[in-house]
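Pasting the sequence and the predicted model now:
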Amino acid sequence: MTTSTIAFIGGGNMATSLIAGLVADGYDGATLNVSDPRPERLELLHNRYGVATFARNSDAVAGADTLLLCLKPLQAAEVCREIAAAAAVRSPLVISVMAGVPEQALQYWLGGQPPIVRAMPNTPAMVQTGAIGLHASPEVSEDGRNHAETILRAVGLTRWVATEDQIDAVTALSGSGPAYFFLFMEALEEAGISLGLDGETARLLTIQTALGAAKMAVESTDPPGRLRERVTSPGGTTERALEHLLKADLHALMKRAARAAHHRAGEISRDLSESL
Ligand SMILES: NC(=O)C1=CN([C@@H]2O[C@H](COP(=O)(O)OP(=O)(O)OC[C@H]3O[C@@H](n4cnc5c(N)ncnc54)[C@H](OP(=O)(O)O)[C@@H]3O)[C@@H](O)[C@H]2O)C=CC1
Ligand SMILES: O=C(O)[C@@H]1CCC=N1
């Protein structure tokens, strides 16, 4: 655990998930600064996690050793320019979770080539079960890498990727990934209701099944494919169901979906890079 101050710039969904996970890990909310234009959001974060809140981004940055940029990509340029002078005072490590926002663009807006770590977390960070991809710009020291990893490891599993481009792949896989699993849960729940179960029963059984399958996948040395085979009795019920999913080519569908997310991250990067 660190006692240094982390400033969250933007206090929306992803910031809230990270703050919740850090506080659950033992971080003192008072060492977490948060700035956001919405007073009601700041109040909620303060009441729930004890964080220090700021209406002005520069005030949140002052005194912080680490900046966690949790803005929507389109807000990045304006806000980085706004905080550049305050950030230059202590040269904090800058960690950006923003999809598609290149390290080079962040350095350009902040000025002076600060060390940047791009992190791609996901919302399960809220329950300390996040999956987080990391990439460091060449300016990040070994200490800086360790510092970023320590923060993010508090909220989940971390993996460094070799190239910045691969952060777009992480975005398409695990950044957006919780939404894919939630959609699957919604569909399974609806299927249960269509077979005559009441809504609450269908939802509870769906969620517990997802949890059980994920726990088995984590704890087993066998890959998911082998675990699937063990559910699938020859000539049984699962086989009949899987025939439909495989006929619809779920694998190809998943690849198309992930490619679309990956493509979108690239579009965001290109648009931002063209404006430099
Ligand atoms: N949500 C997710 O699952 C994940 C998101 N990310 C990344 O995290 C980033 C944030 O996403 P998410 O949390 O979902 O989005 P949100 O819109 O929930 O959060 C962004 C927050 O920044 C606030 N904001 C707007 N303008 C400013 C400003 N000038 N200064 C400070 N704060 C400002 C927004 O306020 P307002 O609403 O009023 O605009 C909002 O509260 C994105 O770049 C996304 O790519 C990465 C991984 C997963
Ligand atoms: O949908 C998005 O753009 C963000 C990035 C990954 C998850 N949410």
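Received it, and whenever you're ready, just let me know what you need. Residues are numbered from 1 along each chain as shown. Ligands and ions are numbered 1, 2, ... in the order given.

shouldn't residue 42 be in contact with residue 34?
Yes - using CB atoms under 8 Å, residue 42 is in contact with residue 34, at 6.4 Å. For the C-beta atoms, the positions are set from N, CA and C on the backbone; glycine is no exception.

higher neighbour count, these two?
The neighbour comparison of residue 42 against residue 34 (other CB atoms under 10 Å) goes to residue 34, with 26 against 19.

re the thing from before, identify the contacts common to residue 42 and residue 34.
Residues touching both residue 42 and residue 34 (CB atoms under 8 Å, 6 or more residues apart in numbering) are 11, 53-54.

for these, which one is nearest residue 239?
Nearest to residue 239 among the shared contacts of residue 42 and residue 34, counting by CB to CB, is residue 11 at 48.2 Å.

which residue packs closest to the residue in the stretch 151-276 of the chain positioned nearest to ligand 2, ignoring adjacent ones?
For the stretch 151-276 of the chain and ligand 2, the shortest gap (CB to the nearest ligand atom) falls at residue 175, measuring 3.4 Å. Leaving aside its chain neighbours, residue 175 sits nearest to residue 120 (4.6 Å; criterion: CB to CB, 6 or more residues apart in numbering).

how about the one you found, what does it touch?
By CB under 8 Å, 6+ apart, the contact set of residue 120 is 97, 99, 132-134, 167, 170-171, 174-175.

Can you pick out the most distant pair from these?
By the measure CB to CB, 99 and 134 form the most distant pair in those, at 14.2 Å.

Other residues contacting the longest strand along the chain?
The longest strand of the chain (DSSP state E) is strand 130-136. Identification of contacts with strand 130-136 by CB under 8 Å, 6+ apart yields 17, 21, 103, 115-125, 144-145, 148-149, 152, 155-161, 163-164, 166-167, 170-171, 174-175, 177.

Within the sheet, what are the partner strands of that strand, with directions?
If you go by DSSP bridges, strand 130-136 pairs up with strand 116-120 (antiparallel), strand 156-160 (parallel).

who in the stretch 151-276 of the chain is up against ligand 2?
Proximity of the stretch 151-276 of the chain to ligand 2, by CB under 6 Å from any ligand atom, involves residues 171, 175-176.
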